[in-house]
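# Provide a 3D model corresponding to the input given below.
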Amino acid sequence: MAHRVVWSLVFLAVALFVIRGWRNLVRTMRSRRTFGLLALAAVFLSINWGVYVWAVQSNLVVEASLGYFINPLVSVGLGVVILRERLRRLQWAAVGLAIVAVIVLAVAMGHPPWISLILASSFGIYGLLKKVVDVGSVPSLTIETVVLTPLALMIILIALRGGHAGVIQGGPDTTALLVMLGPVTAIPLIAFGAAATRIPLSSLGLMQFLTPTLQFIMGITIFHETMTSGRWLGFIIVWLALGLFGLDLIRHSRAMKRDGVSPSLIDTLEVVEPD
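Modelled structure (predicted):
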């Protein structure tokens, strides 16, 4: 996780040099409110990273995927309650099915899904803060990694002194993989930050069902985690919710075309109408 922060900052520094974004970064950092909100976003992002890394290393990939299934519901709730966004009928139906699925999955697990709840709430709040700040994705993520870098460097130095750092034990192959954590981490978060400032938070949240679906597939095919009948039922309900959401997107796009509007990608994704 510490390497993830440090190499992300290196990658972002290069990106800022390429797009000539240093002036924008300095201007953003001068705003105390903006810097404070992004620092808070960094805290929630680090919580999310830490819990997710622990879950994967503890062979709990499927439970982690449940967290990211719950996460869009958190984003929807924050969008509706705080940002006063509205959902259409099919979207409400999709959300309702997703809630049922989460309950079924939690019962099938036999215990409160603490890992899932922490992952969902931490990234949901992170998305809300990114939406409120409304700063370019590269400078905002750069500030977040700058806030986390001192602690990350401290962790790496302690590991180096103790002789159990990944760059020492793993050799050049592990070192190369650690360095690749920079772009692998930064590029998706840059895309997420760009989306968070362009489309409604509730719409962004519903689209995030794609992430846990991929995690679920990896959990059962690569890590060979056990799937009970209750878990299968919960995931099937989630997929039905996704089907309703996709149907709503298609209907909305066709309605726009009938009205003589040629929807762009952003128009198609912007399926929630704020007050």
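# Find the residue ranges of this structure scoring beneath the pLDDT cut-off.
Scanning the chain for pLDDT under 70 picks out the ranges 168, 170, 193, 196-197, 200-208, 249, 253, 256-257, 259-275.
# if we go to 50?
Within the chain, the stretches with pLDDT under 50 are 262-275.
# So for W22, what's the nearest residue that isn't a sequence neighbour?
L16 (5.6 Å; CB to CB, 6 or more residues apart in numbering). All C-beta atoms are positioned from the backbone trio N, CA, C, and that covers glycine.
# which SS state does the one you found fall under?
helix (DSSP: H, G, I helix; E, B strand; the rest coil).
# Please point out which parts of the host helix or strand of T175 sit buried.
T175 is part of helix 171-196 when elements are defined by DSSP states H and E. Buried residues in helix 171-196, counted by 16 or more other CB atoms under 10 Å: 178-179, 181-183, 185-186, 189-190, 192-193, 195-196.
# In which helix or strand does A13 reside?
Assigned by DSSP H and E, A13 falls in helix 2-19.
# what's the next helix or strand along the chain from that helix packed up against?
Next helix or strand after helix 2-19 toward the C-terminus (DSSP H and E): helix 22-29. The contact analysis (3 or more CB pairs under 8 Å, 6 or more residues apart in numbering; DSSP states H and E) places helix 22-29 against helix 32-57, helix 137-162.
# same thing but at 7 Å, please
Helices and strands touching helix 22-29, by 3 or more CB pairs under 7 Å, 6 or more residues apart in numbering; DSSP states H and E, are helix 137-162.
# residues of the helix it packs on that come out buried?
Here helix 137-162 shows 137-149, 152, 155-156, 159 as buried, counting by 16+ other CB under 10 Å.
# quick one on the thing from earlier: any idea how many residues pack against the residue nearest to W22?
Using other CB atoms under 10 Å, L16 is surrounded by 17 other residues.
# what does R254 give?
11.
# would it count as being in a strand?
No - membership of R254 in a strand is not supported by three-state DSSP, which gives helix.
# what's the residue closest to the geometric middle of this protein?
The chain has F123 as the residue nearest its centroid, 5.6 Å off, counting by CA atoms, centre = their mean.
# Contacts only, for that one.
For F123, the contact set (CB atoms under 7 Å, 6 or more residues apart in numbering) comprises N48, N71.
# Contact partners for the nearest residue to S46 once chain neighbours are set aside?
Distances taken as CB to CB, 6+ apart place L148 nearest to S46, at 5.7 Å, with adjacent residues excluded. By CB under 7 Å, 6+ apart, L148 lies in contact with V5, A42, S46.
# Closest to E85 out of those residues?
Among the contacts of L148, A42 lies closest to E85 (CB to CB), at 25.0 Å.
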